[in-house]
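> Provided below for reference: sequence and predicted model.
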Amino acid sequence: MSNNSEAGPGGKAIYWDSFNPEISANPYSLYKRLRDEAPLYYNKEHDFYAVSRFADVERCLADHQSFSSARGDIFEIIKANIDVPPGMFIWEDPPEHTAYRAVVSRVFTPRRMNDLAGKIRAYCASCLDPLVGTGRIDFIADLGAKLPGGVIGMLLGIPEQDRDIVRERVEASLRTEAGQPMSVDQTSFQGEGFEEYIDWRVKNPSSDLMTELLGVEFQDATGTRRKLTREEVLIFVNVIAGAGNETTNRLIGWIGRVLSDYPEQRREIAANSALIPAAIEEILRLDPPSNQVARYVTRDVEIHGQTVAAGSVLQCLIAAANRDERRYSDPDRFDVHREAAPHLAFGRGIHACLGSALARVEGRIALEEILKRFPDWTVDLENARMSPSSSTRGWDAVPAFTH
């Protein structure tokens, strides 16, 4: 078994976890070692397995019967063994997941996401216009920390003056102390803080998603036709707010960093906006906001000739898979002209990210609006700061000089 005390062919022991900030700062050479030397890796200290090759990660994400999300999809959540509340559909498997996801799919459609395009563009303009002529932009403070919360607030019907409060609360729930796992308890994911908005919308319905969730009828896992309970609506709102804020914030930070590192391609994209959708996909492949997702192993499974026992935790290393030489040529390079090869940034199978359409719309419009105003920039690496989070990988600050 390959584990954290066993040396690979290079003579140096392989060690990976998602909590170590030194590893997180630049994990890709380590990911290559994992793919080549320990495609099934075991970490004795924290007691988890990890797969890193594209084919293995794709297989595990698609097989919800063997690799379950019903105890959570973050390592610390699974280990905490909390009771997942009804409505936390991202942490449920069929039949509950099927019933709940159908509800969200009806109100969270690509068409609805695209209908937001005009509002997203106006919001980007309001954030970026004051920066023109200043010679500076911080891709997080000036846009990444604002846009996702603003868009989710528009969707849910949260008053504009409260959206920063909601964003800060969601982000705080996902932050960790450097080198430490996330702190988890039974109340961590039960929609706390959204109660007043739900109660307001009950009495003051509107055209927002929160109102739709309050009124929608569906067939639950028992076959009963009913409306969502107040508690279920709270969970849905919490899931949508959390997922939409954190990952899109990360994407915007990586837009700033990656395109600073590839100025020739950035200028090409600025001169030809038709390349922007491909640029967003390539950034998502190169530096996905969610580096890994975890699964609970429900039955003994053989991977690379070894048995992963039922009850184990398996980490699916999405970021490692997205740079697998077995899947992509020259995988560590950003290439806006790369032949279309689907990545795993939004997952696979029944738990693939429901908000992928919205993330793509936000990323595309954000990059369009940035390039209109700032076709050239260089990241101020001395003052850039990575975020202490074990569940995502990204930046707290990406300041840049605009030229």
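Here it is on my side, so go on. Numbering: from 1, shown residues only.
> Could you pull up the contacting residues of Arg364?
By Cβ atoms under 8 Å, 6 or more residues apart in numbering, the contact list for Arg364 reads Ile276, Pro277, Ile280. (Each C-beta comes from the backbone N, C-alpha and C, glycine too.)
> got it, and Asp164?
Applying Cβ under 8 Å, 6+ apart to Asp164 gives the contacts Lys146, Gly149.
> Following the worst-scoring helix or strand of the chain on mean pLDDT in sequence, what is the next regular element?
Ranked by mean pLDDT, DSSP states H and E, the weakest helix or strand in the chain is strand 2-3, scoring a mean of 48. Next helix or strand after strand 2-3 toward the C-terminus (DSSP states H and E): helix 21-25.
> Okay, buried residues for that following helix please.
In terms of neighbour count (16 or more other Cβ atoms under 10 Å), helix 21-25 has its buried residues at Ser24.
> next one: stretch 334-350
Buried, per 16+ other Cβ under 10 Å, within stretch 334-350: Phe334, Asp335, Val336, Arg338, His343, Leu344, Ala345, Phe346, Gly347, Arg348.
> Dump those to TSV, plus secondary structure, pLDDT and distance to Arg385.
As requested, these are arranged in TSV below (DSSP: H, G, I helix; E, B strand; the rest coil; pLDDT from 0 to 100; distance: Cβ to Cβ, whole Å):
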residue	secondary structure	pLDDT	distance to Arg385
Phe334	coil	97	22
Asp335	coil	97	28
Val336	coil	97	27
Arg338	coil	94	29
His343	coil	97	26
Leu344	coil	97	27
Ala345	coil	96	23
Phe346	coil	94	26
Gly347	coil	94	27
Arg348	coil	93	32
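> so which of those residues comes closest to Arg250?
Ala345 (10.3 Å; Cβ to Cβ).
> can I assume that closest one is in contact with Leu286?
No. With contact defined as Cβ atoms under 8 Å, Ala345 does not reach Leu286; the gap is 9.4 Å.
> which residues are common contacts for those two?
Asn322.
> does Thr307 sit in a helix, a strand or a coil?
strand (DSSP: H, G, I helix; E, B strand; the rest coil).
> From Asp300, how far out is it?
From Thr307 across to Asp300, the span is 6 Å (Cβ to Cβ, to the nearest Å).
> Look up phi and psi at His313.
Residue 313: Val, not His. Dihedral pair for Val313: phi -110, psi 130, per degrees, to the nearest 10.
> Do I have it right that it meets Tyr296?
Yes. Counting by Cβ under 8 Å, Val313 touches Tyr296, with 6.4 Å between them.
> now, which of the buried residues of stretch 334-350 sits nearest Thr211?
Phe346 (27.0 Å).
> and the next element down the chain from the lengthiest helix in the chain?
Determined from DSSP state H, the single longest helix within the chain is helix 230-261. Next along the chain after helix 230-261, taking DSSP H and E as the criterion, comes helix 263-271.
> Average pLDDT for the one helix or strand Thr98 maps to, rounded please.
Thr98 is part of helix 96-107, with elements assigned from DSSP H and E. For helix 96-107, mean pLDDT rounds to 88.
> heads up, I number from 33, so please use that
With 33 as the first residue, the last one maps to helix 128-139.
> got the angle between it and helix 262-293?
Interaxial angle of helix 128-139 relative to helix 262-293 (axes from the mean of the first three to the mean of the last three Cα atoms, to 10 degrees): 70 degrees.
> List the buried residues of helix 128-139.
Neighbour-count burial for helix 128-139 [16+ other Cβ under 10 Å]: Glu128, His129, Ala131, Tyr132, Arg133, Val135, Val136, Val139.
> Next, count neighbours for the spatially closest residue to the first one that is not a sequence neighbour.
Pointing back at Glu128 there. Excluding the flanking residues, the one nearest Glu128 by Cβ to Cβ, 6 or more residues apart in numbering is Ala253, at 4.7 Å. Neighbourhood size, Ala253 [other Cβ atoms under 10 Å]: 14.
> I'd say Ala253 and Pro127 touch.
Yes. Here Ala253 reaches Pro127: they are 4.2 Å apart, a contact under Cβ under 8 Å.
> if we can go back for a sec, against which helices or strands is the helix holding Thr130 packed?
helix 241-247, strand 249-251, helix 262-293 (3 or more Cβ pairs under 8 Å, 6 or more residues apart in numbering; DSSP states H and E).
> what sits against Gly104?
Ile110, Ala112, Ile114, Val116, Trp123, Ala326, Tyr328.
> now it, which residues is it bridged with?
Ala102 (DSSP bridges).
> out of the helices and strands packed on helix 128-139, nearest to Arg168?
Checking those against Arg168 by Cβ to Cβ gives helix 262-293 as the closest, at 11.9 Å.
> in the stretch 333-435 of the chain, which spans are helices?
Listed in chain order, the helices of the stretch 333-435 of the chain (DSSP state H, counting those that start in this stretch) span 350-353, 388-405.
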